[in-house]
Each structure stands twice: as C-alpha cells, then as structure tokens.
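Visitor: Structure here, sequence nowhere to be found:
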C-alpha cells in the first residue's frame, strides 16, 4: 500500500506552428530512493504518453531539476527544446532607470509584451497564470517590476531575492535601476536566448519547430 513513485500531469498549452495546442507539463516526477531502478518511473511516463495521445495532446514537456536528468529523460524521447540565457549584472556608477511595482491591473500589458518578445513557439499564459505568478513573487520573492514608455509597458522583471527568473525588454540602464530598487550590488538575470537548456520536449505529433520558450512554470 506504500506510494513509491509518482508523476503529476499538468495541463498547459503551447503555440505550435501559429496554433494553440494542448501539451502536458510533467511535474513532481519522483521515486522513493529505496524503490529506484525498478522501472516505476518508466511505467509512469509511458502511461502518461498513452493518455496524451488519447487526448490528442501534441507534446509532453518538463524541466529537469538537475543537469544529469537531461540524460535520464532522453531514452523516453525528451530532447532539449526550451532555452534561455543567463548573466550576472553588477551595480555601476550613474543613475539607473527605476521600475515600478506591477499589479494584477498590469496583466494585459504583461501578456501582450510576453507574446511580442518571446519566440513564436512558446508555452502560453492566461490571466490566471499571470495573476498566480504575481501573487507568488509578491509573497515569496522580491516582487514583479515593470518599465513604461508613457502608458506602454516596455519591459518587466520577475524577481526573487537573489535573481530575476524572467526579464524581458530591459536595457542596461533599467537593470541598474532594478539593482537600486532591490538594494543589491549584483543580480543574476534570466532572459530569452539559446545558451542554456532549461526544458525538454517529447513530441507526440510531428512539429516543424526547432526551439521554444518556457519559464515561470509551477515551482
């Protein structure tokens, strides 16, 4: 009667070839150390693929918790597909362009900027997702910040205490303003890019996509 292994299949949607398609985000895949190497995870994943195909989901996606897990998931058909770039910024002399704190009222602007600045193939975010992220970063992190040109949102940053998990549309002067706002000398920031494999994808249907974007997934 003991639970020894589990996976959670969370429903998501991804823009593929200009169309919105259902995908499964595999989350919390784990096995009790005393019951590993017995094929439990393999059977769970294979069953999840069967359910995906029955529901006509186009892909299964996940974020390996550690680098070695990219190799673990490869035999199941998962390949690196979602990439980001990461760098460390340091406080410099001069005045930065400080952002303002964002709220749920800014969700439409956040969504529009995300759609415009991320790759065409991406995990989609609805209003509930944006509001959940705002609530999480406000409660557990350092908050969510944005820069504006008049009334138009031009850049944003989702910040933990020691890093910005997602930054879009932000220049160096604005990054200095973010350091001022957070009271930090250094900050690691994650942006769109191709340097670091963040997540993997297993296609259930053929898709003419070479790369995609995901971030701010359930954490």
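Guide: It's in. Model, not experiment: these values are computed from the prediction.
Visitor: thinking residue 209 is in contact with residue 19, fair?
Guide: No. Residue 209 lies out of contact with residue 19 (Cβ atoms under 8 Å); the separation is 11.4 Å. The C-beta positions use only the backbone N, C-alpha and C, and glycine is treated the same way.
Visitor: if you count what's nearby, which of the two comes out ahead?
Guide: Neighbours per residue (other Cβ atoms under 10 Å) separate residue 209 from residue 19, with residue 209 holding more: 18 against 8.
Visitor: Just say helix, strand or coil for that one.
Guide: The assignment at residue 209 comes out as coil when based on DSSP: H, G, I helix; E, B strand; the rest coil.
Visitor: Could I get the average pLDDT for the helix or strand encompassing residue 153?
Guide: Residue 153 belongs to strand 152-159 when elements are defined using DSSP states H and E. For strand 152-159, the mean pLDDT works out to 98.
Visitor: from the middle of its chain, how far away would that strand be?
Guide: In terms of Cα atoms, centre = their mean, to the nearest Å, the centre of strand 152-159 is set 16 Å apart from its chain centre.
Visitor: Please name every helix or strand in contact with it.
Guide: helix 107-117, helix 127-140, strand 143-149, strand 163-168, helix 172-182 (3 or more Cβ pairs under 8 Å, 6 or more residues apart in numbering; DSSP states H and E).
Visitor: repeat that with 6 Å
Guide: strand 143-149, strand 163-168 (3 or more Cβ pairs under 6 Å, 6 or more residues apart in numbering; DSSP states H and E).
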